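Enquirer: Any chance you can model this:
(one chain, ligands or ions: 1)
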Amino acid sequence: MKEQIIEIFKSVFHYDPDKTYFSPGRVNIIGGHTDYNGGSVLPFCINAGIYAAVSLREDNQVNVYSDNLSRKGIMTFSLENLSYDKDRDFANYVSGVLMELTVRKFDINRGFDICMVGNLPRGGGLSSSAALLILITKIVNDYFNLNIDGVRMALITKTVENMYIGVSCGIMDQFIIANGKKDHAIFLNANTLDYRYVPVDTTNHKLLLVNSNQTRKLTESKYNVRQQETQDALKIMRKHTDIKDLCDLSPEEYEANKIYLTDSMLRRRVLHLVTENVRVRAAKLALENSDFIALGKLLVEAHNSARDLYEISSEVLDDLVEMALASGSLGSKMIGGGFGGSTLNIVKADELDQFIKNFSESYREKYQLEPVINIFEPTDGVSEI
Ligand code: GLA
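Expert: I've put the predicted structure just below:
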């Protein structure tokens, strides 16, 4: 991929690039929607993402080209004009980072030419947007010696998503892509930003992603609606408890106070968050002990909770989980924001072929299509390559 991105850069800009970078996608093992509710998450970076070749320019122009969206050609804007512009399309993720850095008084006085090519499965819900935001922040950080560490990078890019792009997301995706480590997941407390690396041993167990082929953009999904619902529930719970975030509630505290949530929909949302947060801690322990049987069970519980209580699954995702369990997976769940994207499946390494055979048969029968299955390894976060 490195050679390929250099060649693309040369053919688009007619000179050699200066540096090349890789920014990965991510999978969250467990911790669905807990991040913007002050809870914990357990994500890792995957060995697929966005490759970029870049060179600084002498002037203040920024030229952005994506080989995956080649029909859009080169998107151009100036450092003088960084406000959100609908016509700029995906290049808003680039101008958004530059805008936020400028607001934070970082001195960026030269533009750049950048070419990108991504190999994340389309519609997989593997956080291409956070990968792009972190990629640009890392590049600018390196060129202008801004000394922004991984934690701050995540905070800056989350602000861009929230304020500039308009998605009320939490910090998980940006955090893992800025700080990920090969062969490890991160156990992150999204409230304090304390984090710990947790080894993921994939020798005997494989992590498979199955793509639902249901593309959904967070901007268009019910993501912001869920965020609002939890804010409403928090307002009510704060009147009766001293919590700061919903995930501060223990299951016992939830039981003692749920009476105040008169809307049963809000009860379901909060019950998901409270139990999910407990599952994240249990999953961390299971991973530390390489207990994939326990982890698998937690994955299934998490999926059921996402489906029934947080109501963010879809018929296809539920089907994929069911088929995976019937095909011999130790555990399966939807990942990411929901309403589409992928499922994560744990499969014993020595049963991998049989699993793929069984699963593909069921899938073909149901959808008359070949399933899109990828096996990913936990990898490092964003880096120059
Ligand atoms: C998206 C968001 C994250 C997180 C997940 C759900 O990926 O960007 O912040 O909320 O959904 O767990």
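Enquirer: centre of the chain versus stretch 179-197, how much separation?
Expert: Relative to its chain's centre, stretch 179-197 lies at 13 Å (CA atoms, centre = their mean, to the nearest Å).
Enquirer: Let me see the ranges of the strands in the stretch 1-150 of the chain.
Expert: 19-28, 40-41, 43-56, 61-66, 75-78, 112-118 (DSSP state E, counting those that start in this stretch).
Enquirer: quick one, which of those strands is nearest to S362?
Expert: strand 19-28 (22.6 Å; CB to CB). C-beta coordinates here come from the backbone N, C-alpha and C atoms, glycine included.
Enquirer: Which neighbouring elements make contact with that closest one?
Expert: Here strand 19-28 touches helix 2-13, strand 43-56, helix 128-143, helix 172-179, strand 383-384, going by 3 or more CB pairs under 8 Å, 6 or more residues apart in numbering; DSSP states H and E.
Enquirer: Could you rerun that using 6 Å?
Expert: strand 43-56, helix 128-143, helix 172-179 (3 or more CB pairs under 6 Å, 6 or more residues apart in numbering; DSSP states H and E).
Enquirer: Next, format the ones you listed as CSV and append distance to S221, mean neighbour count and mean pLDDT.
Expert: Output for those, formatted as CSV (distance: least, CB to CB, whole Å; neighbours: other CB atoms under 10 Å; pLDDT from 0 to 100):
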stretch, distance to S221, mean neighbour count, mean pLDDT
strand 43-56, 19, 24, 98
helix 128-143, 13, 25, 97
helix 172-179, 15, 28, 98
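Enquirer: Rebuild these as a markdown table, extending it with distance to Q354.
Expert: Shown next, in a markdown table, are those (distance: least, CB to CB, whole Å):
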| stretch | distance to Q354 |
| --- | --- |
| strand 43-56 | 24 |
| helix 128-143 | 32 |
| helix 172-179 | 31 |
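Enquirer: Contacts only, for V210.
Expert: Counting by CB atoms under 6 Å, 6 or more residues apart in numbering, V210 makes contact with L320, T343, P371, I373.
Enquirer: picking up where we left off before, of all the helices and strands packed on strand 19-28, which lies closest to the ligand?
Expert: When the helices and strands packed on strand 19-28 are compared by CB to the nearest ligand atom, helix 172-179 sits nearest the ligand, at 4.5 Å.
Enquirer: Pull up the pairing partners for the helix or strand just after the closest one, direction included.
Expert: On the C-terminal side of helix 172-179, the closest following helix or strand by DSSP states H and E is strand 184-189. If you go by DSSP bridges, strand 184-189 pairs up with strand 40-41 (antiparallel), strand 195-199 (antiparallel).
Enquirer: Output the helices and strands packed on strand 19-28 as TSV; include the columns distance to the ligand.
Expert: Below are the helices and strands packed on strand 19-28 laid out as TSV (distance: least, CB to the nearest ligand atom, whole Å):
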stretch	distance to the ligand
strand 43-56	9
helix 128-143	7
helix 172-179	4
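Enquirer: R269: which of the ones you listed is closest?
Expert: helix 172-179 (17.9 Å).
Enquirer: Residues touching that closest one, excluding its own?
Expert: Helix 172-179 has contacts (CB under 6 Å, 6+ apart) with 26, 35, 41, 43, 45, 127, 130-131, 134, 150, 153-154, 157-158, 186, 188, 381-382.
Enquirer: and the strands paired with strand 184-189, which is most packed in?
Expert: Most buried of the strands paired with strand 184-189, by mean neighbour count (mean count of other CB atoms under 10 Å): strand 40-41, with a mean of 27.
Enquirer: quick check, that one touching the ligand?
Expert: No. If you take CB under 6 Å from any ligand atom as the test, strand 40-41 misses the ligand, and the best it gets is 6.7 Å.
Enquirer: ok, the contacts of V210 vs C247, which is closest?
Expert: Of the contacts of V210, the one sitting nearest to C247 (CB to CB) turns out to be T343, at 23.7 Å.
Enquirer: Can you report phi and psi for the closest one?
Expert: phi -110, psi 150 (degrees, to the nearest 10).
Enquirer: Keep only the contacts of V210 that also lie close to the ligand.
Expert: Of those, not one also sits near the ligand (CB under 6 Å from any ligand atom).
Enquirer: could you dump those to JSON lines with secondary structure, neighbour count and pLDDT?
Expert: Compiled in JSON lines, the contacts of V210 are given as follows (DSSP: H, G, I helix; E, B strand; the rest coil; neighbours: other CB atoms under 10 Å; pLDDT from 0 to 100):
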{"residue": "L320", "secondary structure": "helix", "neighbour count": "27", "pLDDT": "97"}
{"residue": "T343", "secondary structure": "strand", "neighbour count": "26", "pLDDT": "97"}
{"residue": "P371", "secondary structure": "coil", "neighbour count": "19", "pLDDT": "94"}
{"residue": "I373", "secondary structure": "strand", "neighbour count": "19", "pLDDT": "96"}
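Enquirer: Now distance to V117 too, for those residues, in JSON lines please.
Expert: Converted to JSON lines, the contacts of V210 look like this (distance: CB to CB, whole Å):
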{"residue": "L320", "distance to V117": "28"}
{"residue": "T343", "distance to V117": "26"}
{"residue": "P371", "distance to V117": "24"}
{"residue": "I373", "distance to V117": "22"}
